[in-house]
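Asks: need coordinates for the below:
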Amino acid sequence: MDNLNYEVKKYLLVCKDTKGLSPLSIKAYKTDFKQYCTYMNLRNPICKEDISTYIDLLYKQYKPKSANRKIACIKSFYKYMETENIIKDNPFHKIRIKHKMPILLPKTIPLNYVKNILEYSYKTIENSKTSLKKEESLRNSVLLELLFSTGMRVSEISNLKCKNLDLKNRTIRIVGKGAKERIICIANNQITSMIEKYIDTYNPDSEFIFKNRLGNRLSEQSIRNMVNTYAKAAGVPKHITPHMFRHTFATALLEEDVDLRYIQQLLGHSSIVTTQIYTHISTSKIRHILEDKHPRNGFDFTLNLNF
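Replies: Here you go, the predicted model:
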């Protein structure tokens, strides 16, 4: 057991130094490994049956997405030990995971609700009575505009630094999951002007673009709270999250016939399989295709239903 804990600590250092995982991911890995090591405490050596039983337990205790993440974490650990010749036989090789993850369609925001939220954010700027309130309101408007116009993750926008902005060329360099970088364009002049105004007036020397009243980086939870508060104040009758702006961004582009590969690049997905989930939710696009292209709509006979 002590040897397992030792190898886990080594692997976490590898994840941090060579895989470029974020502090949040490392924290989640630590939690997953602690849980796994506690379960395997009296099992030495660990065999295939032990791991299979543990996997079944995870699916009973957690939602499929959480269970899959925990399993992937442990699986990658054993792959690492096999590659480094720490173990001869990888017990994961012959394990078949029977549990299938259900396809959960991403939740989007109707565009009229997006418009209402953005319009409300503009009004808060106009109605601000103090310099502090105006700064906060402008910050929130810029943040909301970027969420919708770029599809950034909440973690990416929280960690966005001034040095990553090139307002002259209207581009943003985003450091996403796994320390992977991508470039996104700001395709709206008004948004560019708002960013310039916000930085020049309220944020000239800050490392991070979005900061709180104490001058520290605006946390992800603070962004979530702000988004939902603004949505409620704008009369939106549903809970709104930053990630829903990301889903709406992708779906809107897909409905405008943007190639899925471009959407994959904009979202920073490693695999296009992840991006393909949006092909399941473009119902308005499907309706338009059927109404416009299906041959039945060209038949000119009707039935008198007054009988």
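
Asks: from here on, just use CA atoms for contacts and neighbour counts.
Replies: Will do.

Asks: where's I199 relative to V175, distance?
Replies: 20 Å (C-alpha to C-alpha, to the nearest Å).

Asks: hmm, I was thinking of R153
Replies: 10 Å.

Asks: how long is stretch 149-169 from one end to the other?
Replies: The straight-line separation of the ends of stretch 149-169 (C-alpha to C-alpha) is 16 Å.

Asks: quick check: chain neighbours aside, which residue is closest to the residue nearest the centre of the chain?
Replies: The structure's the chain has its C-alpha centroid closest to R153; by C-alpha atoms, centre = their mean the separation is 4.4 Å. Spatially, and ignoring its direct neighbours in sequence, R153 is nearest to H243 (6.4 Å; C-alpha to C-alpha, 6 or more residues apart in numbering).

Asks: in stretch 141-148, what counts as buried?
Replies: Across stretch 141-148, burial judged by 16 or more other C-alpha atoms under 10 Å covers 141-148.

Asks: how about stretch 205-225?
Replies: Under the neighbour-count criterion of 16+ other C-alpha under 10 Å, stretch 205-225 has 206-211, 217-220, 223 buried.

Asks: any idea how far apart the tips of it sit?
Replies: Stretch 205-225: ends 26 Å apart by C-alpha to C-alpha.

Asks: in the protein, where is pLDDT below threshold?
Replies: Confidence mapping of the chain against pLDDT under 70 gives the ranges 1-2, 20, 42-44, 98-104, 280-286, 288-290, 296, 299, 301-305, 307.

Asks: so what's the gap between stretch 199-207 and the chain middle?
Replies: Distance, stretch centre to chain centre, for stretch 199-207: 27 Å (C-alpha atoms, centre = their mean, to the nearest Å).

Asks: residues in contact with it?
Replies: Residues from elsewhere that reach stretch 199-207 (C-alpha atoms under 8 Å, 6 or more residues apart in numbering): 135, 161-163, 209.

Asks: thank you, goodbye.
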